[in-house]
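Asker: Fold the stuff below for me.
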Amino acid sequence: MDLLSIINILDAEAIAAPPRPGLVQIGSVFVGDLMSDVLSHAGPDTLIVTALCTSQLVRVAEVVDAPAVCFVQNKMPQQSVLELARSKGIVIIVTPYCAYQSSALLYRAGLHSAVRPGGYNGGYLEI
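Answerer: Residues are numbered from 1 along each chain as shown. Model (predicted):
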């Protein structure tokens, strides 16, 4: 799914984005605030949904090659976090929804969890 569609689904605002966010493709979603979990489960097509607005999150997104991060509940990162994201080519969007609502909306739109069977919770639930 393209990032522009995700921005529309989540009523989000792109606060650090490429000129054409429709070209950024997202294949899975990881929701969480623990960096060790992000490192274990996120990958090159993953949207990271989190309430953690720190430079460490941007650096972890860079390590796993995640193209985008979504901050929930209208949490706005400091300018230094946005500058780091821009310099690393990581898109930052902000949604008014909480993590739970964001997950539900993205799942309903067809995106699935980045946590694969055999992961820390034994896999994800298919509904």
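Asker: Can you name every helix or strand that whatever helix or strand Ser87 lives in contacts?
Answerer: In this assignment (DSSP states H and E), Ser87 forms part of helix 79-88. Judged by 3 or more CB pairs under 8 Å, 6 or more residues apart in numbering; DSSP states H and E, the packing partners of helix 79-88 are strand 13-16, helix 55-64, strand 91-94. Glycine gets a C-beta too; all of them are placed from N, C-alpha and C.
Asker: Excluding covalently adjacent residues, which one is nearest to the most centrally placed residue in the chain?
Answerer: Centroid check for the chain by CA atoms, centre = their mean gives Ile48 as the closest residue, at 2.3 Å. Leaving aside its sequence neighbours, Ile48 sits nearest to Val69 (CB to CB, 6 or more residues apart in numbering; 4.7 Å).
Asker: Tell me the secondary structure at the residue nearest to the centre of the chain.
Answerer: At Ile48, secondary structure determined by DSSP: H, G, I helix; E, B strand; the rest coil is strand.
Asker: Could you measure from it over to Leu106?
Answerer: For Ile48, the distance to Leu106 equals 12 Å [CB to CB, to the nearest Å].
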